[in-house]
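Trainee: Sequence plus the predicted model coming up.
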Amino acid sequence: MKGDTWCKFHVKAIWSPSLRKLTPTQRWIWQTLQALATEGDGVIHGAATEPSHIALASATDARGVPDALAKMQHLCLINVRKNGDIKIRNWLKYQSTTTERRKRKVRQIGGEKPAVKRQPAAPDKNRIDKNRIDNIKNIVDFWTSLPNLLQPRKITADDRKAVEFRLAEGAPVEEIESVLTWYNAQLGNGRTFWGGNNNDGRPIKYNVRKVMKGKLSDRLTYVYEHFLAAAKVEKPSAGPKTPEWQHKCPKAQAVRAGGHDCKKYEDWLVNPKKSSYPCNDCEEAK
């Protein structure tokens, strides 16, 4: 691509989880880096790597460029070399052209064959396929085991493809199950937005495809990613530890069952520091 006056923008980039973690300004800086890298076959050299030059090319504030580059490197979008050069990851994969492929073919016919790299032994394809099929089946079975989720009459091939898409995005089975558990609990609670506390006044039940590979709004936000973020924020705490005497005292157990009217116990609830045991007449508690 050296010398070209254009660079391609891959259509799947709008769905890239890495790019979606960048701000709009940082995404434009990312596109600017691709334009600058066309002169060096995917590598930006020299003065073009300076934040001031990148800011000038992208029409952004130079103070935000270092943070943008650091975030892109963390997301494996670029590599910043020791000499300061910036390399765009997967450049040949997304920017290779028909002309470039034709040139490589001509070089091979003329005897200038590139050195062949020794490829590592490929993993057992049958084992990979079996693990993938097992993971999809486990997630589908887990979905059908949760009573509040929208249960399809029959799991279709599109449902399985949606689950496979989420797995291909890098989500482990345990994470997906935690998201589904959170969504199931939300639907079972009428005070939550998803459970019915919304404008429609009824639970919002999505099917398998909507959760695994859907859109929450016109902003193209994944339903799955929204649920995952909410599940992490609303992770339930362990709660206060139950005192040892409550496990032993039959009167305290009766209180939890709603049948204990001990005045001492009520006083203890108000100020537990007054007495170690609210029921002093309970031999087991002593």
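Mentor: Noted; the coordinates are in hand.
Trainee: Run through the residues that contact the residue nearest to Pro51 when sequence neighbours are not counted.
Mentor: Excluding the flanking residues, the one nearest Pro51 by CB to CB, 6 or more residues apart in numbering is Val65, at 3.9 Å. The way it works is simple: take the backbone N, C-alpha and C, and place the C-beta from them, glycine included. Shown in contact with Val65 (CB atoms under 8 Å, 6 or more residues apart in numbering): Ile29, Pro51, Ile54, Ala55.
Trainee: the helices in this structure, which residues?
Mentor: Using DSSP state H, the helices found in the chain span residues 17-20, 24-37, 51-58, 65-74, 91-95, 98-109, 125-145, 157-168, 173-187, 208-213, 223-233, 244-248, 250-257, 263-270.
Trainee: And those helices: which comes nearest Arg81?
Mentor: Among those, the nearest to Arg81 by CB to CB is helix 65-74 (10.7 Å).
Trainee: C-alpha coordinates for the closest one, CSV please?
Mentor: Provided in CSV are the C-alpha atoms of helix 65-74 (Å, rounded to 0.1, in the frame of the first residue of the first chain):
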residue,chain,number,x,y,z
VAL,A,65,-3.1,12.1,22.0
PRO,A,66,-0.8,10.3,24.5
ASP,A,67,-3.7,8.9,26.4
ALA,A,68,-5.4,7.8,23.2
LEU,A,69,-2.2,6.0,22.0
ALA,A,70,-1.8,4.3,25.4
LYS,A,71,-5.4,3.0,25.3
MET,A,72,-5.0,1.7,21.8
GLN,A,73,-1.9,-0.1,22.7
HIS,A,74,-3.6,-1.6,25.7
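Trainee: and that helix, average pLDDT?
Mentor: Averaging pLDDT along helix 65-74 gives 91.
Trainee: same check, this time on stretch 81-96
Mentor: 81.
Trainee: excluding its backbone neighbours, what's nearest Val173?
Mentor: Asn135 (5.4 Å).
Trainee: Distance of that neighbour relative to Trp15?
Mentor: Distance from Asn135 to Trp15, counting by CB to CB, to the nearest Å: 21 Å.
Trainee: before we move on, back to that, can you pick the most crowded of the contacts of Val65?
Mentor: Neighbour counts for those, by other CB atoms under 10 Å, peak at Ile29, which reaches 25 neighbours.
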